[in-house]
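In: Sequence and predicted structure are below.
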Amino acid sequence: MQYVILLRGINVGGRTIKMDELKSCFEKAGYKNVITVLQTGNVILESKEKNTGKVQKAVEALLAQTFDYPAKVLVITPVQLASVIEQYPFTQYGAEYHRYAYFTDKGSEKELATQAGNLDKLTEEIATGEGVIYWRVLQGHTLDSAFGKYTAKAAVKHFLTNRNLNTLEKILAKCSL
């Protein structure tokens, strides 16, 4: 089975993991055809394990042991990733907006979206999918927008990891569907 692993919180806030070290860690653990994509903790690998929950627990334990941090990851299949990309709802907006997908704990996306409050639609907009919050935000406002500030606080209580849709498309292009 091929999986996409999205690591949370690396190469930010002083936690640095080089992609060649990350790749080596997975290969030494027996994963096959390991590919890292960009420098933000995106890994594609193959495993004999067919249960994504078991892969997640094994990967988190491996990363915690190897890199000495409380690792949190999202494990999805390339088909699931393709679905997330295809379902991005804000396709009518131009290049002046960034496109993001926030991956959440399963089931918490609606709660998080509700708690985010009212957003200025000229600057940003969110919509929920299964296990994901889609976000479009005006360039230059990613960190100072209401949703950007909210997710910084919400990440303390919930699993959140985000990726720009351009990054997700690059990851998917390296997968075998």
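Out: Everything's here; your move. Not measured: the values here are computed from a predicted model. Residues are numbered from 1 along each chain as shown.
In: Could you use CA atoms for every contact and neighbour count after this?
Out: Fine.
In: ok, residue 95 to residue 177 distance?
Out: In this view, residue 95 and residue 177 are 28 Å apart by Cα to Cα, to the nearest Å.
In: now the lowest-mean-pLDDT helix or strand in the chain, how far from the chain's geometric center?
Out: Of all helical and strand segments in the chain, the minimum by mean pLDDT, DSSP states H and E falls on helix 146-154, at a mean of 87. Per Cα atoms, centre = their mean, to the nearest Å, the displacement of helix 146-154 from the mean C-alpha position of its chain is 16 Å.
In: swap in stretch 69-80?
Out: Counting by Cα atoms, centre = their mean, stretch 69-80 comes out at 7 Å from the chain centroid.
In: And for that stretch, what's in contact with it?
Out: By Cα atoms under 8 Å, 6 or more residues apart in numbering, the residues outside stretch 69-80 that reach it are 2-8, 52-53, 55-56, 59-61, 63-64, 103, 159, 172, 175-177.
In: Can you tell me which of those residues are buried?
Out: 2-8, 52, 55-56, 59-61, 63, 103, 159, 172, 175 (16 or more other Cα atoms under 10 Å).
In: does residue 148 really touch residue 142, like I thought?
Out: Yes: if you go by Cα atoms under 8 Å, residue 148 and residue 142 touch, sitting 5.9 Å apart.
In: can you give me the strands for this protein?
Out: Secondary structure of the chain by DSSP state E: the strands cover 2-7, 32-37, 42-46, 73-76, 97-104, 124-129, 132-138, 160-164.
In: Would you mind putting the ones you listed into a markdown table with distance to residue 16 alongside?
Out: Converted to a markdown table, those look like this (distance: least, Cα to Cα, whole Å):
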| stretch | distance to residue 16 |
| --- | --- |
| strand 2-7 | 12 |
| strand 32-37 | 15 |
| strand 42-46 | 14 |
| strand 73-76 | 16 |
| strand 97-104 | 21 |
| strand 124-129 | 30 |
| strand 132-138 | 26 |
| strand 160-164 | 16 |
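In: Out of those, which gets nearest to residue 154?
Out: Across those, residue 154 has its closest neighbour in strand 160-164 (8.0 Å, Cα to Cα).
In: For the least confident helix or strand of the chain, C-alpha coordinates in PDB please.
Out: C-alpha atoms of helix 146-154 as PDB (Å, rounded to 0.1, in the frame of the first residue of the first chain):
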ATOM      1  CA  ALA A 146      -9.000  35.800  11.700                       C
ATOM      2  CA  PHE A 147      -8.800  32.100  10.700                       C
ATOM      3  CA  GLY A 148      -5.000  32.100  10.700                       C
ATOM      4  CA  LYS A 149      -5.000  33.400  14.300                       C
ATOM      5  CA  TYR A 150      -7.700  31.000  15.300                       C
ATOM      6  CA  THR A 151      -5.900  27.900  14.000                       C
ATOM      7  CA  ALA A 152      -2.800  28.900  15.900                       C
ATOM      8  CA  LYS A 153      -4.800  28.600  19.100                       C
ATOM      9  CA  ALA A 154      -6.900  25.600  18.000                       C
END
